[in-house]
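A.B. asks: just coords:
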Ligand code: ATP
Ligand code: MN
Ligand code: MN
């Protein structure tokens with residue numbers, strides 16, 4: 001009963017005043033989870049989602065017909081999301097300027113869900129300092145069929161190498177097949193500097209430990225190995241945001257975890273949108289305190 005009471009007190013999409021049309025539309029057929037279930041998930045994890053999901057240029061994965069229907073990426077706001085989704089003008093490579101969308105309030109995320117959004121992917125920089133990333137992400141992409149234990153081992157290895165450079169990092173279960181190793185930055189370096197670091201760092205590891213890693217994006221090169229997708233760290237690239245739902249079977253979410261507990265997880269899709277209570281509880285735990293928080297600059301060399 002206590003649990004149910006607690007659940008009742010959780011904020012929902014309705015508590016934020018966002019109306020969800022077709023609330024019973026099934027988004028995840030395998031679990032019969034609906035558009036309203038998804039909206040209520042985001043409303044529940046509001047304070048957690050907004051830590052990283054706030055004030056970044058965002059790309060949405062929209063699947064208006066549910067996750068098994070047609071899905072597409074959307075990065076520009078064409079004014080369809082209403083007042084709660086904000087715009088930030090950003091210079092494109094060709095010199096023109098485009099409005100990117102961002103969120104500064106969970107109502108913006110809910111308005112996106114209302115428009116069929118499932119996933120939220122963010123830039124590595126914030127809107128007030130777009131040219132200076134505040135995070136690096138090493139997206140570990142295992143070869144098809146590779147044991148998840150290998151992915152965990154690779155993440156731990158990456159952590160140790162980063163630690164040798166004086167960099168703290170944090171593991172994120174992607175909600176899919178892999179793990180993202182997230183390195184918070186103090187936004188003191190620009191995109192070319194950060195990209196160059198990510199590039200050289202990944203190539204050096206792949207060269208030193210070719211039995212585990214490859215820095216080559218070509219799938220035929222992967223062969224039992226893990227691709228360090230360092231390309232997430234160039235201007236304009238995005239990575240899935242912590243606590244974002246995924247448009248995949250089982251309604252998984254991207255979930256921050258602690259290095260100390262990484263061993264316990266059997267896949268990158270351990271948590272789902274049904275775990276809002278658990279995720280809130282976990283986030284308040286000692287193991288996850290300070291996840292993703294560190295003011296650190298990239299080393300010079
Ligand atoms: P998994 O663990 O299953 O690999 P993932 O989120 O890491 O899940 P990837 O396919 O490795 O998925 O993609 C990494 C990131 O690249 C995504 O999180 C997304 O932000 C970005 N991405 C991939 N494809 C596109 C695309 N077509 N447009 C924009 N961003 C994309
Ligand atoms: Mn990946
Ligand atoms: Mn990838």
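C.D. replies: Here it is on my side, so go on. Note that this is a predicted model, so its numbers are computed, not measured. Numbering: from 1, shown residues only. Ligands and ions are numbered 1, 2, ... in the order given.

A.B. asks: separation between the spatially closest residue to residue 213 that is not a sequence neighbour and ligand 3?
C.D. replies: Of all residues not flanking residue 213 in the chain, residue 206 sits nearest, at 4.5 Å (CB to CB, 6 or more residues apart in numbering). All C-beta atoms are positioned from the backbone trio N, CA, C, and that covers glycine. To ligand 3, residue 206 is 15 Å away according to CB to the ion, to the nearest Å.

A.B. asks: Just the element for residue 206, please.
C.D. replies: Assigned by DSSP states H and E, residue 206 belongs to helix 191-208.

A.B. asks: what packs against that helix?
C.D. replies: strand 135-142, helix 148-164, strand 213-214, strand 226-229 (3 or more CB pairs under 8 Å, 6 or more residues apart in numbering; DSSP states H and E).

A.B. asks: How far off centre is that helix?
C.D. replies: 21 Å (CA atoms, centre = their mean, to the nearest Å).

A.B. asks: Show me what it is in contact with.
C.D. replies: With contact meaning CB atoms under 8 Å, 6 or more residues apart in numbering, helix 191-208 is reached by 124-125, 131-133, 136, 138, 158, 161, 185, 189, 213-216, 228, 230, 232-235, 298.

A.B. asks: give me the number of residues near residue 152?
C.D. replies: Using other CB atoms under 10 Å, the number of residues around residue 152 comes to 20.

A.B. asks: Once you drop chain neighbours, what's closest to it?
C.D. replies: Nearest in space to residue 152, with sequence neighbours left out and distances taken as CB to CB, 6+ apart, is residue 262 at 5.5 Å.

A.B. asks: returning to what we had before: could you report the neighbour count for the residue nearest to residue 213?
C.D. replies: 20.

A.B. asks: how far away is it from ligand 1?
C.D. replies: Counting by CB to the nearest ligand atom, to the nearest Å, the gap from residue 206 to ligand 1 is 16 Å.

A.B. asks: Nothing else from me, thank you.
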